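In: prediction below, plus the sequence it came from.
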Amino acid sequence: MDRSPGRPRSLSLDLIVDAVLADGIATFSMPSVAARLGVAHSGLYRYVEDRDDLLVSAIEKAALSVDWPDADMPWRELLTEITRSVWTICERYPGYDVVALSPPKWSPGIIEKVTPYIASLHEQGFTIEDATVAVQVAGNLALTTSVKGTVGTFALSRTNGDLSSSARHEWHDRILEIVLDGLSSRVLS
């Protein structure tokens, strides 16, 4: 990208993260983001430590860009809606599913987002540990079934190898139903 003459544009972490999301959250490189912004890639390091630091910021921004459910929903509905929010992120930002499965670290914004869900599940009869696992399983289920080719060989055989988005959604809903049924036995009411 050629820079136009004149006053240099202001660079910010927010602009850099937007460039990562536009470039591809799973495939970006520091030089590709710098080129997209029209700056030297060494200039990015004034805002982030390294690629992992930038990736964590991009994961957080993508995650916080969607609507999330209110924490006061009944637990089954809450976990279902959490998976729907994660699916929305995956559809909006291709590659999010892959990078969010093993982030370099968890961002404070995501921790702040899920903490009320854990508290709500605890108030509804789950132990803190089970509530934490339930929220993690709900999110990870959406991430893993969003990734093409990771739903499982049985699902692939049932779809003749064609794992369209709707087929992955169907498979996800089936797994979620089984998981939620299993979780119901963990509620301590």
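Out: Done, it's in. These figures come from a predicted structure and were not determined experimentally.
In: going forward, measure contacts between C-alpha atoms and count neighbours the same way
Out: Will do.
In: give the next helix or strand downstream of the worst-scoring helix or strand of the chain on mean pLDDT.
Out: Lowest by mean pLDDT, DSSP states H and E among the helices and strands of the chain is helix 153-158, with a mean of 48. Using DSSP states H and E, the helix or strand that follows helix 153-158 towards the C-terminus is helix 165-184.
In: that next one: which residues count as buried?
Out: 167-169, 171-173, 176, 180, 183 (16 or more other C-alpha atoms under 10 Å).
In: relative to residue 125, which of these is nearest.
Out: Nearest to residue 125, judged by C-alpha to C-alpha, of the buried residues of helix 165-184 is residue 183 at 11.0 Å.
In: list the residues that contact that closest one.
Out: With contact set as C-alpha atoms under 8 Å, 6 or more residues apart in numbering, residue 183 has these partners: residue 134.
In: sorry, back to before: may I see the buried residues of helix 165-184 arranged in CSV, with distance to residue 46 as well?
Out: Formatted as CSV, those follow (distance: C-alpha to C-alpha, whole Å):
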residue, distance to residue 46
167, 44
168, 40
169, 41
171, 44
172, 41
173, 43
176, 43
180, 45
183, 46
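In: what ranges does this protein have for its helices?
Out: Here the chain has its helices, by DSSP state H, at 13-23, 30-37, 51-64, 75-92, 96-100, 108-123, 128-146, 153-158, 165-184.
In: tell me the most buried of the ones you listed?
Out: Neighbour counts (mean count of other C-alpha atoms under 10 Å) averaged over each of these peak at helix 96-100, with a mean of 22.
In: averaged pLDDT, it. What do you get?
Out: Throughout helix 96-100, pLDDT has a mean value of 95.
In: one more: stretch 60-77?
Out: Taken as a whole, stretch 60-77 carries a mean pLDDT of 97.
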